[in-house]
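Visitor: Just the structure for this:
(chains A and B)
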Amino acid sequence: MTVTEQRPTQHASSITANRLTRVQTGAVLAGAVVVGALSWLPSGSPNWARWIIVGLVSYCIGIYVVSRIVEGRRQGLDRLMRAVVTSAFAVVAMPLVSLLWTVVERGTNRFDVAFFTDTMRGVTGAEGGIYHAIVGTMIVTGLATIMSVPFGLFTAIYLAEYGHGTKLAKAIQSMVDVMTGIPSIVAGLFAYAMFEMIFGPGTRSGIAGAVALTVLMTPVVVRSSEEMLRLVPNELREAAYALGVPKWKTIVKVVLPTAIAGIITGVVLSIARVIGETAPLLVTAGLAQGVNWNPFDGRMTTLPVFTYYQYVQPGVPPSNGQDRAWAAALVLIIIVMVLFTVARILSSVLKPKGLR
Amino acid sequence: MTESVDTPISDVAVAALDAEIGLGNRIVVENLNIYYGDFLAVRDVNMVIEPRSVTALIGPSGCGKSTFIRSLNRMHEVIDGARVEGSVYVDGEDLYGPGVDPVAVRRKVGMVFQRPNPFPTMSIADNVLAGKRLNSRRINKSEAEDLVEKSLRGANLWEEVKDRLDKPGSGLSGGQQQRLCIARAIAVEPEILLMDEPCSALDPISTLAIEQLMNELKSTYTIVIVTHNMQQAARVSSRTAFFTIDGTGQPGYVVEMDDTDVMFSNPKQQSTIDYVTGRFG
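Guide: Below you'll find the model as predicted:
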């Protein structure tokens, strides 16, 4: 009888406990925002960074204390960890948002049609454009992709499918790891030295730039493709072998199609990695004022190099070159975003359907 | 034929003769030791597998049944460091003889795995045709359609999937996927079909469907099945081999092999009695 009476009340149950409501957690957040605001008040003007950081720290402390008192130790810790993890994300996202904001704000000054159709040939004032630099970036990055994807993919296939566990494979793997870490200027100097040996001193060309980028890009392609090939379940390979399918055909018709979505994503990531490279292209491809369609002859401007020169040699008044530099940076960011979007679409189209 | 079981040499000769006069494909296993690197996983198997019947391999987990069945179509060596000593004769030819191409062996001896593994990038029809297509044989459209229907009917799956042959095979239920894998295996027209616990991931209804299928298939194929389910072994097989293991790190071995009804009613060895009556370990 006593049991039936006690059942509806909260404290008798071992599985119910006090919980903070949304309003209460919201109040803690609002309090943290106010504490953050108080931290910059003495100095007079709003300081966003201080506001956010002090706010996040006081939210973490506040939610832990409140939750610990109301909900108990385990819930308090849970809330604290959630707040810490979310704050870490916010801290990381802050510079990114700030950077994007700055580039968009300053880049839009010269984001006009002429900017995309003109070159820098004979330009002294505020006009001029990046047509030649877009062409250069496309050619240099495109050539680098054409060279590094086959080499990278074949190396990855060797590592994942054939060389598994052998000494040669291990040696290649550690070489690839070392290559992912080499500074980009070293790759540039390597390509420069190589072309100087073949074509004489002072040679600058698009293909030299592409070779430098290939050195940087190939290890990234190898690593990502190898990971993707390893993710293909062994059962699929065995299923093909059991049908009497030779190994090479199993790789071409079963393993690669299953991994292709991930491989494409990896290739696009590696393109994004090299498309913004400045230093190696500065020494290998150089700077030209007009369009150069021939990667085997003469200097070729790319977007990062263009941006760099517009900023260090902005002309008179300096705002002309600086505006062009910011706008070129914005274009580069947009190109990378477009590449990622294309990769997303491609990989969702090519992804094996209905895979658990 | 049964008189010759004790003398392996004549078994091989009998098997060759059987194949020649069209009696089916007898498998004769002689002194087979199976290794993973230096580790001996299964020791000294001597076994005759009768043509056009179902042979069941039973035994506790880890006793080497799967390892053994994989050595019957040279799938064992796919694993790094795995190797085999001894002989497996099919139609009197040693699968481990010099110059034997494992790819050719696997076209002759098909396999169905424990977990259904349809190719995720292919449709149902393409999955059935995978063996033919990937073996670089050009087949025209009507031939392909006939083969798809014949194989799917053979696997009792046709009625369920005939309206969605172009849909991905991985969208089917587990039982349907397993029957799709069987259709894929029989589409390459093997002579022998190995099944490694084909029903362990399936519900009773799908299991029943696959057992019925085995009953139909045994008129054309020599079937070897690994199973943990002793009722299943009793239902589908005519011969049963009992494998066991003396302890962890020890090799597995065959305790005895006999007609299935004898194995389940009156086996010779005490450990077989213990296992089939459920008193094991």
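Visitor: What parts of chain B come near chain A?
Guide: B:73, B:75, B:78, B:80, B:103-108, B:110-111, B:113, B:115, B:117-121, B:130-131, B:133-136, B:168, B:170-171, B:181, B:184-185, B:188 (C-beta under 8 Å from any C-beta of the partner chain). From N, CA and C alone the C-beta is placed, and that goes for glycine too.
Visitor: So which of those sit within strands?
Guide: B:Gly110, B:Met111 (DSSP state E).
Visitor: Of the residues of chain B next to chain A, just the buried ones, PyMOL syntax please.
Guide: In PyMOL, a selection of the buried entries from the residues of chain B next to chain A looks like this (16 or more other C-beta atoms under 10 Å in any protein chain shown):
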select buried, chain B and resi 73+75+78+103+105+106+107+108+110+111+113+115+117+118+119+120+121+130+131+133+134+168+170+171+181+184+185+188
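Visitor: Return the subset of the residues of chain B next to chain A lying in helices.
Guide: Under the assignment DSSP state H, the residues of chain B next to chain A contribute B:103-108, B:130-131, B:133-134, B:181, B:184-185 to helices.
Visitor: Tell me which two in those residues are the farthest apart.
Guide: Distance extremes for those: the farthest pair is B:Ala104 and B:Cys181 at 21.2 Å, using C-beta to C-beta.
Visitor: rewinding a little: is it possible to get a markdown table of the ones in helices among the residues of chain B next to chain A that adds pLDDT?
Guide: Compiled in a markdown table, these are given as follows (pLDDT from 0 to 100):
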| residue | pLDDT |
| --- | --- |
| B:Val103 | 90 |
| B:Ala104 | 89 |
| B:Val105 | 91 |
| B:Arg106 | 91 |
| B:Arg107 | 88 |
| B:Lys108 | 89 |
| B:Ala130 | 90 |
| B:Gly131 | 87 |
| B:Arg133 | 84 |
| B:Leu134 | 82 |
| B:Cys181 | 92 |
| B:Arg184 | 92 |
| B:Ala185 | 90 |
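Visitor: all strands of the stretch 151-281 of chain B, in order?
Guide: Ranges of strands in the stretch 151-281 of chain B, per DSSP state E, counting those that start in this stretch, are B:192-196, B:222-226, B:239-245, B:252-259.
Visitor: buried sites along stretch B:261-273?
Guide: B:Met263, B:Phe264, B:Pro267, B:Ser271, B:Thr272.
Visitor: Looking at these, which one is closest to A:Ala169?
Guide: B:Ser271 (44.3 Å).
Visitor: Run through the stretch 101-250 of chain B and note the low-pLDDT ranges.
Guide: Scanning the stretch 101-250 of chain B for pLDDT under 70 picks out the ranges B:136-137.
Visitor: and the next element down the chain from the longest helix that chain A contains?
Guide: The helix that spans the most residues within chain A, counting by DSSP H, is helix A:73-107. Going down the chain from helix A:73-107, the next helix or strand is helix A:113-117, by DSSP states H and E.
Visitor: can you list contacts of that following helix?
Guide: A:Glu127, A:Gly128, A:Gly129, A:Ile130, A:Tyr131, A:Ile134, A:Arg324, A:Ala327 (C-beta atoms under 8 Å, 6 or more residues apart in numbering or on different chains).
Visitor: Of the residues you listed, which is the most crowded?
Guide: A:Arg324 (29 neighbours; other C-beta atoms under 10 Å in any protein chain shown).
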